[in-house]
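Peer 1: The following block contains a protein sequence and its predicted model.
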Amino acid sequence: MSFFKRIFSSEKKETLDKSLEKSKTNFFSKLTKAVAGKSKVDEEVLDNLEEILVASDVGVNTTLKIITRIENRVASDKYLGIEELNQILREEIAALLSETNTGEATEFVIPIAIGTVQSKPYVLMVVGVNGVGKTTTIGKLAYQFKKAGYNVVLGAADTFRAAAIDQLQIWADRVGVPIVRQDMGSDPASVAFDTLQSAVAQNADIVIIDTAGRLHNKINLMNELTKVKRVMQKVVGDAPHDVLLVLDGSTGQNAFEQAKQFTAATEVTCLAVTKLDGTAKGGVVIGISDQFQIPVKYIGVGEGIEDLQVFNKYEFVDSFFK
C-alpha cells in the first residue's frame with residue numbers, strides 16, 4: 001500500500017523494526033488471544049482491544065479515539081472480518097499520528113535549511129529529567145547534524161550537576177564539535193548567553209543548549225527556563241527556535257507525567273522519545289504525540305551513535321504492525 005511507502009534506508013528500517021520487536025510481539029500476542037474464535041469485529045473484540053491498547057501504554061484518551069475510529073469503520077462497512085482488523089488499526093493509528101506529525105522528514109535537517117527560521121544559528125533548547133537520555137540525545141543529534149554538513153556548537157547549561165557538564169564534554173570530544181561550559185553552580189543563562197555569542201562569532205549553523213533536568217519545583221524550573229530564553233534572545237532575537245523535550249519511552253506512563261510537567265513549565269515544540277529498543281512500551285509514542293499535540297521529532301532505537309532516527313509516522317506504524 002503506497003500509504004506506507006518505504007522511505008528509510010534498509011539499514012535504518014531494520015534497526016527500527018528490531019527496536020519495536022518487543023512492543024510488537026507483546027501487542028500481537030494479546031491481540032491474537034483477544035480475537036481467538038471470532039470471525040468478525042464485535043463489541044467484545046473492541047472491549048478487548050481497548051484493554052490491550054491501554055496496557056501497551058497508548059494511554060486511555062488516545063485508546064478511546066482509536067476505538068471510536070474503528071467503531072465508525074465497523075458501522076460504515078457493516079461487516080468487518082477479524083483478518084481486516086490489523087490493517088484498519090494500522091491505518092487509523094497512522095491517521096491519528098498524522099494530525100500531529102506533519103511532513104515526512106527522513107534526514108537530519110533544520111528549519112533554516114527549508115526557510116522557516118529566518119535567523120542563524122538555529123537554536124535548539126533541550127529539556128527533560130535526569131536519566132531519560134537527554135545528554136546522549138544531544139550528543140547523537142550533534143553527530144547527525146555534523147554528519148549532515150552543519151557546524152554545531154553545544155552549550156552545557158545544566159550547571160547543577162558536574163556529571164552533566166562532563167558528560168556533554170565527552171560527547172563534544174567524541175563528535176568533534178565545540179562546547180561552551182562553565183563551572184558547576186554557574187548561572188545557566190550565562191552559559192546560554194556565552195554559547196550563542198560564541199556560535200555567532202563562529203558563524204555556526206546550529207546551537208544545542210542542554211538544561212537542568214529537575215522537576216521537584218515546577219515554579220523554579222519555569223523561572224529558570226524563562227530566564228535562559230530571555231537571555232538567549234539578547235544574542236539571537238527569536239531564540240530558541242525549538243524546545244525539545246526528551247522522554248524515556250521505557251518508562252511508559254511515567255513519560256506521560258513528565259510531558260505534563262514540562263509542558264506546564266515551558267512551551268515545548270517537539271519531542272524525542274528514547275530507549276525504544278529493549279522495551280515493550282513502544283505504544284507510548286502514539287499516546288504522547290496525540291495527547292499533547294506535540295510532534296515527535298526523533299526516536300532513540302539503540303545505544304550506538306547512529307541509533308537516533310528522525311521520526312517518521314509511516315515507518316513507525318509499518319514497523320509496529322509488520
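Peer 2: Looks like it came in fine. Computed from a predicted model, the values in this text were never measured in an experiment.
Peer 1: how many neighbours does Ala163 have?
Peer 2: 11 (other CB atoms under 10 Å). C-betas here are computed from N, CA, C, even on glycine.
Peer 1: Now Asn86. Nearest residue, chain neighbours left out?
Peer 2: Phe321 (6.2 Å; CB to CB, 6 or more residues apart in numbering).
Peer 1: Who are the contact partners of that neighbour?
Peer 2: Shown in contact with Phe321 (CB atoms under 8 Å, 6 or more residues apart in numbering): Lys24, Asn86, Leu89, Arg90.
Peer 1: Does the residue most central in space within the chain belong to a helix, a strand or coil?
Peer 2: A centroid search over the chain (CA atoms, centre = their mean) returns Ala272, at 2.2 Å, as the residue closest to the centre. Using DSSP: H, G, I helix; E, B strand; the rest coil, the secondary structure recorded for Ala272 is strand.
Peer 1: so what's it up against?
Peer 2: So Ala272 contacts Thr137, Leu244, Leu245, Val246, Leu247, Val296, Lys297, Tyr298, Ile299, Gly300, Leu308 (CB under 8 Å, 6+ apart).
Peer 1: now, which of the residues you listed sits nearest Ile219?
Peer 2: Nearest to Ile219 among the contacts of Ala272: Leu245, at 18.3 Å, using CB to CB.
Peer 1: returning to what we had before: most neighbours among the contacts of Phe321, please name it.
Peer 2: Leu89 (21 neighbours).
Peer 1: In contact with the closest residue to Asn220 other than its chain neighbours, which residues?
Peer 2: Closest residue to Asn220 apart from its sequence neighbours, by CB to CB, 6+ apart: Arg214 at 7.5 Å. By CB under 8 Å, 6+ apart, the contact list for Arg214 reads Val129, Asn130, Phe160, Asn220, Leu221.
Peer 1: wait, the first one sits on Gln258?
Peer 2: Yes. Taking contact to mean CB atoms under 8 Å, the distance of 5.8 Å between Val129 and Gln258 places them in contact.
Peer 1: From start to finish, how long is stretch 146-161 in a straight line?
Peer 2: 27 Å (CA to CA, to the nearest Å).
Peer 1: Centre of the chain to the one helix or strand Ala94 maps to, how far?
Peer 2: In the assignment (DSSP states H and E), Ala94 maps to helix 85-98. Chain-centre distance of helix 85-98: 19 Å, with CA atoms, centre = their mean, to the nearest Å.
Peer 1: Outside of the helix or strand that that helix is followed by itself, list whatever touches it.
Peer 2: Downstream of helix 85-98, the next assigned helix or strand under DSSP H and E is strand 122-127. Strand 122-127 is contacted by residues 110-112, 134, 137-138, 141, 192, 196, 205-211, 213, 225, 228-229, 232, 236, 239-246, 262, 266, 268 when judged by CB under 8 Å, 6+ apart.
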